[in-house]
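Trainee: dropping the sequence and predicted coords here.
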Amino acid sequence: MWETIRGYLTFTRKERFGVLFLLVIISLLFVIPYFFRRQPGEPDPATGEKMKIEIQKFETAQSGSPRNADDHNRDDGRKQEPVSPGIRIGKENRPLYYFDPNTLGPEGWQQLGIPDHLTQTIVHFTEKGGRFHKPEDLKKIYGLHQDEYERLLPYIRIITLPEPVRSSSGHNAHPAGSGISYVSKKLEITDINLADSSQWSSLPGIGIRLASRIVHFREKLGGFYKVDQVGETFGLADSTFQKIKPALILNHVSLVFIDINNASTESLQGHPYIRWQMAKSIIAFRSQHGNFRSVDELMQLALMDSGKFVKLKPYLTVNP
């Protein structure tokens with residue numbers, strides 16, 4: 001048996017050369033790849049070819065871009081309009097409304113599509129006593145692009161300041177101990193529950209769109225019960241509201257009431273002071289405990305606090 005095993009482990013001279021040759025081939029297969037490996041930083045040929053294709057596509061696209069078209073126009077000798085400093089805001093589709101740049105607040109400028117940094121510049125200018133005397137003065141604001149200026153220009157309405165009182169001799173009249181006397185501009189007194197859109201838009205800083213919002217807000221509320229509610233209108237800057245507030249009166253109060261025992265979820269949440277979750281909470285409480293005996297029972301709701309209740313209470317009623 002040992003002889004048999006020994007026969008399997010014994011190699012002839014040719015077999016030994018064959019094994020040695022195979023070992024050399026195997027060694028070469030392991031070593032050769034190290035000589036052909038790319039060094040760090042060496043570009044991949046496939047990647048490089050892909051980059052060339054992308055560059056060609058980019059150059060082709062650039063050849064038809066507006067910038068190249070402008071360069072071509074300059075080469076042809078055609079005059080180009082100078083581009084004012086600033087950024088293109090891209091708000092061409094934003095709804096516009098008439099406005100006075102001297103009284104428009106930060107929210108109003110932002111609704112017109114003016115970015116925050118330009119809004120701060122304009123508001124700072126007006127708050128420090130600066131004034132736009134004519135619509136064309138707006139383009140003097142550094143950073144406002146020419147396209148944006150041309151988009152806003154047709155909607156600028158500047159309210160004329162009162163003229164100095166002049167004597168019969170044609171000179172300005174100067175009251176003793178004071179400066180120049182000006183004719184005060186009297187604001188039209190407006191009953192906030194009766195005024196229509198045209199009356200609201202006659203007030204300083206209130207354009208047609210903002211006037212419509214005030215009327216719509218009043219209708220959804222069911223009428224105003226105090227003047228300060230006008231200031232809650234979406235888009236009405238507090239600075240503008242404070243300017244028109246002296247002209248606002250409340251002589252006629254006729255509110256539309258909501259019967260919390262019979263109102264549906266949709267009718268409840270349609271009121272500006274009632275959110276969807278609050279409406280569902282009222283319906284759920286009514287279903288579990290029966291009809292409300294008084295409006296004050298709303299204070300038992302987890303979502304109701306004293307501030308919300310005080311604002312909402314004048315619009316609520318309880319019917320059996």
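Mentor: Received, thanks.
Trainee: so for the helix or strand hosting Leu28, mean pLDDT?
Mentor: In this structure, Leu28 is located in helix 13-36 according to DSSP states H and E. Average pLDDT, helix 13-36: 81.
Trainee: check what contacts that helix and list those residues.
Mentor: Outside helix 13-36, the residues that touch it by Cβ atoms under 8 Å, 6 or more residues apart in numbering are Phe11. C-betas here are computed from N, CA, C, even on glycine.
Trainee: buried stuff in that helix?
Mentor: Within helix 13-36, no residue is scored as buried using 16 or more other Cβ atoms under 10 Å.
Trainee: let's see that helix as CSV, backbone CA atoms only.
Mentor: Coordinates of the C-alpha atoms in helix 13-36 are reproduced here as CSV (Å, rounded to 0.1, in the frame of the first residue of the first chain):
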residue,chain,number,x,y,z
ARG,A,13,11.4,14.9,-14.6
LYS,A,14,8.9,16.1,-17.3
GLU,A,15,6.2,16.3,-14.6
ARG,A,16,8.4,18.4,-12.4
PHE,A,17,9.2,20.8,-15.3
GLY,A,18,5.4,21.0,-16.0
VAL,A,19,4.6,21.9,-12.4
LEU,A,20,7.4,24.5,-12.4
PHE,A,21,6.1,26.0,-15.7
LEU,A,22,2.5,26.3,-14.3
LEU,A,23,3.8,28.0,-11.1
VAL,A,24,5.7,30.6,-13.3
ILE,A,25,2.5,31.3,-15.3
ILE,A,26,0.4,31.7,-12.2
SER,A,27,3.0,34.0,-10.7
LEU,A,28,3.0,36.2,-13.8
LEU,A,29,-0.8,36.4,-13.8
PHE,A,30,-0.6,37.8,-10.3
VAL,A,31,2.3,40.2,-11.0
ILE,A,32,1.5,41.6,-14.5
PRO,A,33,-1.7,43.6,-13.4
TYR,A,34,0.4,45.7,-11.0
PHE,A,35,2.5,47.0,-13.9
PHE,A,36,-0.6,48.0,-15.9
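Trainee: show me the domain layout of this protein.
Mentor: 86-155, 190-249, 258-317 (automatic domain parsing).
Trainee: do a quick rundown of the strands in this structure.
Mentor: Here the chain has its strands, by DSSP state E, at 86-87, 143-144, 190-191, 248-249, 258-259, 316-317.
Trainee: other SSEs contacting the third one?
Mentor: This means strand 190-191. In terms of contacts (3 or more Cβ pairs under 8 Å, 6 or more residues apart in numbering; DSSP states H and E), strand 190-191 is packed against strand 248-249.
Trainee: so what strands line up beside the strand it packs on?
Mentor: Its sheet considered, strand 248-249 pairs with strand 190-191 (parallel) by DSSP bridges.
Trainee: export stretch 310-317 as PDB, just CAs?
Mentor: Below are the C-alpha coordinates for stretch 310-317, written out as PDB (Å, rounded to 0.1, in the frame of the first residue of the first chain):
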ATOM      1  CA  VAL A 310     -62.900  86.700  23.300                       C
ATOM      2  CA  LYS A 311     -62.400  87.300  19.500                       C
ATOM      3  CA  LEU A 312     -64.900  84.700  18.400                       C
ATOM      4  CA  LYS A 313     -67.700  85.100  21.000                       C
ATOM      5  CA  PRO A 314     -69.400  88.100  19.300                       C
ATOM      6  CA  TYR A 315     -70.200  85.900  16.300                       C
ATOM      7  CA  LEU A 316     -71.600  83.000  18.200                       C
ATOM      8  CA  THR A 317     -75.100  82.200  19.400                       C
END
